[in-house]
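Engineer: need a 3D model of the sequence below.
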Amino acid sequence: MSEARRALSLFNILFVCFAIQNNVNAQDYDDDPPAAPPPAEENCNGIFISYNFISRVKEFPHVKNASAQSWAFNSTATVLNTGTHELQAWKIFIGFQHQEILVSAGGAVLVGSQDFPASVGNGTSFSGYPQTDLKTSIQTAGDLAQIQAIVQIAGTQFGVKPPGIPMPKTIRLENDGYKCPAPVHKKTSMYACCIRDPKYKVKQLKTKLLPRQKGDLSFSYDVIQAYEGNYLAQVTIENDSPLGRLDHWNLTWEWMRGEFIYTMRGAYTHQIDYADCIYGIAAQHYTSLDFSQVMNCQKKPIITDLPRERANDTKVGKLPYCCRNGSILPAIMDPSQAKSVFQLQVYKLPPDMNMTALHPPEKWKIVGTLNPDYRCGAPIRVDPTEFPDPSGLQATTSAIASWQVVCNISRPTRTTSHCCVSFSAYYNESVIPCNTCACGCKGSDSCNQKAPAMFLPPEALLVPFQNRTAKAVAWAKMKHFHVPSPLPCSDNCGVTVNWHVYTDHKKGWTVRVTLFNWEEINFENWFTAIQMKKAARGFQKAYSFNGTFFPDLNHTIFLQGLPGLAFLMGETNGTDPRIDPRVPGKQQSVISFAKKLTPGIQVAKGDGFPSRLFFNGEECSLPTYFPTANGNLCRVSLAQVILIVAGILVLMNPHH
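Structural biologist: Have a look, this model is predicted:
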């Protein structure tokens, strides 16, 4: 019995020790405070941003040249609200500098609607998704999940050999009203505390939503009807740039939560395809839905405007500002055609079946035919859009929820334009053509992509580039110009503009502007805008175009076709297609200038040529130099030179 008691006592002691140990462990686990944040974060009263490099691995192929070796890297960027004001629609810039190519960014999307993989060697901006707003610690009792956003970055970088660390140049917060100092650099991290700018005037908002922003082009994504599992949205595209426009626009975005388009009015998708729904999660949830009636189930649909003849179609038309064949003009041409509208019925998937679970698509991008390059930001929640009451009463109805996407025109580089300009003048026999590869090169080895374009005789402008070779070479031999080998590549531009200084006299001067359309499409309601630093104030009249001078718009001369002449026709076959080259569509006008308002102007020294020229909103590539008054106008023989010199010597010697 005593042995049993001893065994029981030993068991009790062991049980108590085990329980005490468990309690001690649990108490240590529960009461241990989290790791202390860095002092800079603790002392920040604003927005604390940081970038942390985690790791990298050498990628294939392995090469000896360190600058050409690629590395797969992982890093994180953090945005933490340590202030007393909520941060809405946060956005940060990371100044990558090692030819980085990003393949993913968890917790954010790239500003500018880039798709992965994205080249960001010159830096890029991130905006939050799905967590777009960061509340304050005061509002959330210090809940990190609501006051902090972490971006998980993965990609490829080049050229930094271990033990070097491929860090960015800088990081900064891009929200209005905040000032960021230069970041503090550590070995594998960098951080900065961005504080509110005391000089920034905060707009008094009626709601907690952000005010609408301004840009060259804006989208409004308005939910106007909401049901359980689906909603009706209206998309409004508004052109706010005086020189921007779109022709045959194509709009793309990315559904982030499995949504699909059931029907559309005022626009359509390029592919009417429901296969992704049938073989995806949508068919598992909507078991009784007739998917043959679904318009599009793609994650990245391509949407375009309906042609004009469908405007009165009771099924897909009958919507104000719809059905214009994808044309959106600047307001200075026609305010009624400066926006476009379409509607779509969107079906959602769990867990977003609630009527108020509304999320706009992300990564918006819009392109046109020979139009500017628009870079779009992320959707931001704004005050609900108000519409006139459809009953005709003096009342307004509000959208259930509204988001705005703002896009701005990016200035093209020397080789990324879609149109180009050639220069010529009455005092020079040669034409300075468009730059080599002005609109990009197609990678041909049979031409020189870096050689300057060869001077041309005036008649060569009327024939396609492939038919100019013989004329350019013959002209170079006649004028003793250099002939590069191989010959320079084409400009590859769909539209070219010839700017020819026609006359220059004491009281004024004239220019002949000729538009050439080398595309097969016609340009309806075309326009050309010319900016001139010194000469624009002297604009008098365009004789075959409708010309207007806008002094407040960077001294811009705005040209468009006269009524009945608003079409710039496309390229057509020659008289005999077997032997004649194709003929471009062409329009031409003379423009007159007066010198009274531009004293001291020197036309032949560059003042008579544009500093920037736009066609349908796209900035055209300009030649790098102007035609000069060459020896063609003052050519003399060697015998004449000898006689002149002899005469001068005789006059200088009075004894003879």
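Engineer: what's the closest non-adjacent residue to the residue nearest to the spatial centre of the chain?
Structural biologist: Residue closest to the average C-alpha location in the chain (Cα atoms, centre = their mean): Arg375, at 2.4 Å. Closest residue in space to Arg375, ignoring its immediate chain neighbours: Gly112 at 4.5 Å, by Cβ to Cβ, 6 or more residues apart in numbering. The way it works is simple: take the backbone N, C-alpha and C, and place the C-beta from them, glycine included.
Engineer: wait, the one you found touches Thr124, no?
Structural biologist: Yes - counting by Cβ atoms under 8 Å, Thr124 is a contact partner of Gly112 at 7.3 Å.
Engineer: mind checking how far stretch 54-67 is from the chain centre?
Structural biologist: 31 Å (Cα atoms, centre = their mean, to the nearest Å).
Engineer: again, but for stretch 136-154
Structural biologist: Relative to its parent chain, stretch 136-154 has a centroid offset of 30 Å by Cα atoms, centre = their mean.
Engineer: what comes up buried for that stretch?
Structural biologist: Residues of stretch 136-154 classed as buried: 136-137, 146-151, 153 (neighbour count, 16 or more other Cβ atoms under 10 Å).
Engineer: same question for stretch 416-429.
Structural biologist: Residues of stretch 416-429 classed as buried by neighbour count (16+ other Cβ under 10 Å): 417-426, 428-429.
Engineer: for these, give me a markdown table that also has secondary structure.
Structural biologist: What follows is those, written out as a markdown table (DSSP: H, G, I helix; E, B strand; the rest coil):
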| residue | secondary structure |
| --- | --- |
| Ser417 | coil |
| His418 | coil |
| Cys419 | strand |
| Cys420 | strand |
| Val421 | strand |
| Ser422 | strand |
| Phe423 | strand |
| Ser424 | strand |
| Ala425 | strand |
| Tyr426 | coil |
| Asn428 | strand |
| Glu429 | strand |
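Engineer: now these as JSON lines including distance to Val382 and pLDDT?
Structural biologist: Output for these, formatted as JSON lines (distance: Cβ to Cβ, whole Å; pLDDT from 0 to 100):
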{"residue": "Ser417", "distance to Val382": "34", "pLDDT": "88"}
{"residue": "His418", "distance to Val382": "32", "pLDDT": "90"}
{"residue": "Cys419", "distance to Val382": "35", "pLDDT": "95"}
{"residue": "Cys420", "distance to Val382": "39", "pLDDT": "96"}
{"residue": "Val421", "distance to Val382": "40", "pLDDT": "97"}
{"residue": "Ser422", "distance to Val382": "45", "pLDDT": "97"}
{"residue": "Phe423", "distance to Val382": "46", "pLDDT": "97"}
{"residue": "Ser424", "distance to Val382": "50", "pLDDT": "97"}
{"residue": "Ala425", "distance to Val382": "52", "pLDDT": "97"}
{"residue": "Tyr426", "distance to Val382": "55", "pLDDT": "96"}
{"residue": "Asn428", "distance to Val382": "55", "pLDDT": "95"}
{"residue": "Glu429", "distance to Val382": "59", "pLDDT": "94"}
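Engineer: list just the nearest of those residues to Phe96.
Structural biologist: Taking Cβ to Cβ as the measure, Phe96 lies nearest Ser417 of the buried residues of stretch 416-429, at 25.8 Å.
Engineer: and the pLDDT for the nearest residue to Ala395 once chain neighbours are set aside?
Structural biologist: Nearest residue to Ala395, sequence neighbours excluded (Cβ to Cβ, 6+ apart): Asp389, at 4.1 Å. On pLDDT, Asp389 comes in at 78.
Engineer: ok, now how distant is Asp389 from Met295?
Structural biologist: Distance of Asp389 to Met295, computed by Cβ to Cβ, to the nearest Å: 29 Å.
Engineer: what does Gln131 give?
Structural biologist: Using Cβ to Cβ, Gln131 is found at 31 Å from Met295.
Engineer: neighbour count: those two, which is higher?
Structural biologist: For the pair Gln131 and Met295, the greater number of neighbours falls to Met295 (19 against 15), based on other Cβ atoms under 10 Å.
Engineer: hmm, who's touching stretch 59-75?
Structural biologist: 51-58, 100, 152-161, 166 (Cβ atoms under 8 Å, 6 or more residues apart in numbering).
Engineer: let me see the mean pLDDT of stretch 432-449.
Structural biologist: Computed over stretch 432-449, the mean pLDDT rounds to 87.
Engineer: in that stretch, what counts as buried?
Structural biologist: Going by 16+ other Cβ under 10 Å, stretch 432-449 has these buried residues: 432-441, 447-449.
Engineer: distance to Thr76 and secondary structure added to these, as a markdown table?
Structural biologist: Shown next, in a markdown table, are the buried residues of stretch 432-449 (distance: Cβ to Cβ, whole Å; DSSP: H, G, I helix; E, B strand; the rest coil):
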| residue | distance to Thr76 | secondary structure |
| --- | --- | --- |
| Ile432 | 52 | strand |
| Pro433 | 51 | coil |
| Cys434 | 46 | coil |
| Asn435 | 43 | coil |
| Thr436 | 44 | coil |
| Cys437 | 40 | coil |
| Ala438 | 42 | coil |
| Cys439 | 40 | coil |
| Gly440 | 37 | coil |
| Cys441 | 39 | coil |
| Cys447 | 46 | coil |
| Asn448 | 46 | strand |
| Gln449 | 40 | coil |
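Engineer: tell me which of the buried residues of stretch 136-154 fall in strands.
Structural biologist: In strands, judged by DSSP state E, the following of the buried residues of stretch 136-154 are found: 148-151, 153.
Engineer: from those, which is closest to Ser398?
Structural biologist: Once Cβ to Cβ is applied, the member of those that ends up nearest Ser398 is Ala149, at 29.9 Å.
Engineer: the closest one against Lys91, yeah?
Structural biologist: No - assessed by Cβ under 8 Å, Ala149 is found out of contact with Lys91, at 10.8 Å.
Engineer: which one of the buried residues of stretch 432-449 is nearest to Asp247?
Structural biologist: Checking the buried residues of stretch 432-449 against Asp247 by Cβ to Cβ gives Cys439 as the nearest, at 16.5 Å.
Engineer: from the contacts of stretch 59-75, list just the buried residues.
Structural biologist: Listed as buried from the contacts of stretch 59-75 are 51-53, 56, 100, 153, 155-160, 166; burial here means 16+ other Cβ under 10 Å.
Engineer: from the residues you listed, pick the one nearest Pro563.
Structural biologist: Distance to Pro563 across those (Cβ to Cβ) is lowest for Glu100, with 52.3 Å.
Engineer: circling back: where's the residue nearest to the centre of the chain, which helix or strand?
Structural biologist: Using DSSP states H and E, Arg375 sits within strand 373-376.
Engineer: contacting residues around whichever helix or strand comes after that strand?
Structural biologist: With elements assigned by DSSP H and E, the helix or strand that comes after strand 373-376 is strand 380-382. Contacts with strand 380-382, where a contact means Cβ under 8 Å, 6+ apart, come from 88-89, 132, 209-213, 401-405.
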